[in-house]
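>>> Predicted model, plus sequence, below.
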Amino acid sequence: MIIVGNTIVSDDLADQCFQCNLNCCHGACCVDGDSGAPLMEQEIAELERVLPDALPLMTPAGRETVERQGVAVRDKDGDLGTPLIDGGACAYITYSPDGCALCALQGLYKPVSCHLYPVRVEDYGEFTAVNYHRWDICRAAKDKGEPLYKYLREPLIRRFGQKWYDELLHEIKNRNEQ
């Protein structure tokens, strides 16, 4: 594990390579799963702000779901997330002409958890855990591209800040020199 402030970062961020391959998975991470994409409280206002621009891009079922449930919902554990269409796909889904699932929020406002995927962040009060979420649907993306901490540079900075990211780089460098 890598410690950065009060954050515990999985070694996987330094050791595992990743590069999304939509040609293989067709955006399955937006369709499959048992709950919507995790959201932070402060993201609700941003989702409400961009919703008028996102609605025309969303599927009719997605629009109906958001109109009925709102821009965010609480799951069975009380965690905040994006609403799901009949318990399946994210309500913010849209599809490319070839059937690939895409995000209607792309270019408007991407939730931090979606931007960070395949990394998941869990806040435990005294510390925050940053872990690589291994999912079979991403098998075509594994071991390709660059290490997760490089691949996810922008969303990691967005979530934790530049100073945190610089400290992460320092810790990874020190770890690799030992």
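Yes, it's here. Numbering: from 1, shown residues only.
>>> for stretch 50-57, which positions count as buried?
Judged by neighbour count using 16 or more other Cβ atoms under 10 Å, the buried positions of stretch 50-57 are V50, L51, A54, L57. Every C-beta, even on glycine, is put in place using the N, C-alpha and C of the backbone.
>>> average model confidence for it?
The average pLDDT for stretch 50-57 rounds to 97.
>>> Contacts for it next, please.
Contacts of stretch 50-57 with the rest of the structure, by Cβ atoms under 8 Å, 6 or more residues apart in numbering, involve R63, V66, V71, Y92, T94, A104, L105, L108, Y109.
>>> Would you check which pair of these lies furthest apart?
Distance extremes for those: the farthest pair is R63 and Y109 at 16.8 Å, using Cβ to Cβ.
>>> so which strand or helix has the residue nearest to the spatial centre of the chain?
Nearest to the mean C-alpha position of the chain, by Cα atoms, centre = their mean, lies C114 at 2.2 Å. Secondary structure assignment for C114, by DSSP states H and E: helix 112-116.
>>> From the contacts of stretch 50-57, keep the buried residues only.
R63, V66, V71, Y92, T94, A104, L105, L108, Y109.
>>> List the ones among those that fall in helices.
Counting by DSSP state H, the part of the buried ones among the contacts of stretch 50-57 found in helices is R63, V66.
>>> would TSV of the buried ones among the contacts of stretch 50-57 with distance to L169 be doable?
Putting the buried ones among the contacts of stretch 50-57 into TSV (distance: Cβ to Cβ, whole Å) gives the following:
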residue	distance to L169
R63	42
V66	39
V71	35
Y92	32
T94	35
A104	34
L105	29
L108	30
Y109	27
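>>> Same list, the buried ones among the contacts of stretch 50-57, but as CSV with distance to R139 and pLDDT please.
Compiled in CSV, the buried ones among the contacts of stretch 50-57 are given as follows (distance: Cβ to Cβ, whole Å; pLDDT from 0 to 100):
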residue, distance to R139, pLDDT
R63, 32, 97
V66, 31, 97
V71, 32, 97
Y92, 25, 97
T94, 24, 94
A104, 26, 95
L105, 26, 94
L108, 30, 94
Y109, 29, 95
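>>> CA atoms only: put the longest helix seen in the chain into PDB for me.
In the chain, with assignment by DSSP H, the single longest helix is helix 162-177. In PDB, the C-alpha atoms belonging to helix 162-177 read as follows (Å, rounded to 0.1, in the frame of the first residue of the first chain):
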ATOM      1  CA  GLN A 162      -2.300  18.500  -7.500                       C
ATOM      2  CA  LYS A 163      -0.400  18.500  -4.200                       C
ATOM      3  CA  TRP A 164      -1.800  15.000  -3.400                       C
ATOM      4  CA  TYR A 165      -0.900  13.700  -6.800                       C
ATOM      5  CA  ASP A 166       2.600  15.100  -6.600                       C
ATOM      6  CA  GLU A 167       3.000  13.300  -3.200                       C
ATOM      7  CA  LEU A 168       1.700  10.100  -4.800                       C
ATOM      8  CA  LEU A 169       4.300  10.300  -7.600                       C
ATOM      9  CA  HIS A 170       7.000  10.900  -4.900                       C
ATOM     10  CA  GLU A 171       5.900   7.800  -3.000                       C
ATOM     11  CA  ILE A 172       5.700   5.600  -6.100                       C
ATOM     12  CA  LYS A 173       9.200   6.800  -7.100                       C
ATOM     13  CA  ASN A 174      10.600   6.000  -3.600                       C
ATOM     14  CA  ARG A 175       8.800   2.600  -3.600                       C
ATOM     15  CA  ASN A 176      10.300   1.800  -7.000                       C
ATOM     16  CA  GLU A 177      13.800   2.700  -5.900                       C
END
